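A.B. asks: can you look at this prediction? I've put the sequence above it.
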Amino acid sequence: FAALKSDGKVVCWGHPNFGGDNRRVQHLLDKAQDIQATRHAFAAILEDSSVIAWGDPTSGGSNSDVYRLKGVEQIQSTDR
């Protein structure tokens, strides 16, 4: 699970391999605007319209896939 708090911080819990542990990117998640999930990963749009991902890399949870994205307004996901 992931919760987006009113102050833009993201709190996660659950299985660490599937996004329940966001310590690796927590310092980047203090200005989140929206969160989307796949079956085993999460992605958040930040205040500056960039994207941060975490969770299982084979399910989209790798920042190497999204670190250059800017100007993002919306994210949609599939179940995998």
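C.D. replies: Okay, I see it. Residues are numbered from 1 along each chain as shown.
A.B. asks: got any ranges where the protein has weak pLDDT?
C.D. replies: In the predicted model, the chain carries pLDDT under 70 at residues 80.
A.B. asks: at the geometric centre of it, which residue sits there?
C.D. replies: Nearest residue to the geometric centre of the chain (C-alpha atoms, centre = their mean): residue 43, 2.6 Å.
A.B. asks: residue 52 reaches residue 43, doesn't it?
C.D. replies: Yes: when contacts are counted by C-beta atoms under 8 Å, residue 52 is listed as touching residue 43 (7.0 Å). Just so you know, the C-beta spots here come from the backbone N, C-alpha and C atoms, and that holds for glycine as well.
A.B. asks: shouldn't residue 72 be in contact with residue 49?
C.D. replies: Yes: using C-beta under 8 Å, residue 72 is in contact with residue 49, at 5.2 Å.
A.B. asks: neighbour-wise, which of these two wins?
C.D. replies: residue 72 (16 against 12; other C-beta atoms under 10 Å).
A.B. asks: helix or strand for the more buried one, which one?
C.D. replies: Using DSSP states H and E, residue 72 sits in no helix or strand.
A.B. asks: now do the helices in this protein.
C.D. replies: In the chain, no segments count as helices under DSSP state H.
A.B. asks: and the strands in it, which stretches?
C.D. replies: 2-4, 10-12, 32-37, 41-46, 51-55 (DSSP state E).
A.B. asks: any chance of those strands in CSV, plus distance to residue 67?
C.D. replies: Below are the strands of the chain laid out as CSV (distance: least, C-beta to C-beta, whole Å):
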stretch, distance to residue 67
strand 2-4, 19
strand 10-12, 17
strand 32-37, 16
strand 41-46, 12
strand 51-55, 8
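A.B. asks: right, so of the ones you listed, which gets closest to residue 21?
C.D. replies: Checking those against residue 21 by C-beta to C-beta gives strand 10-12 as the closest, at 6.7 Å.
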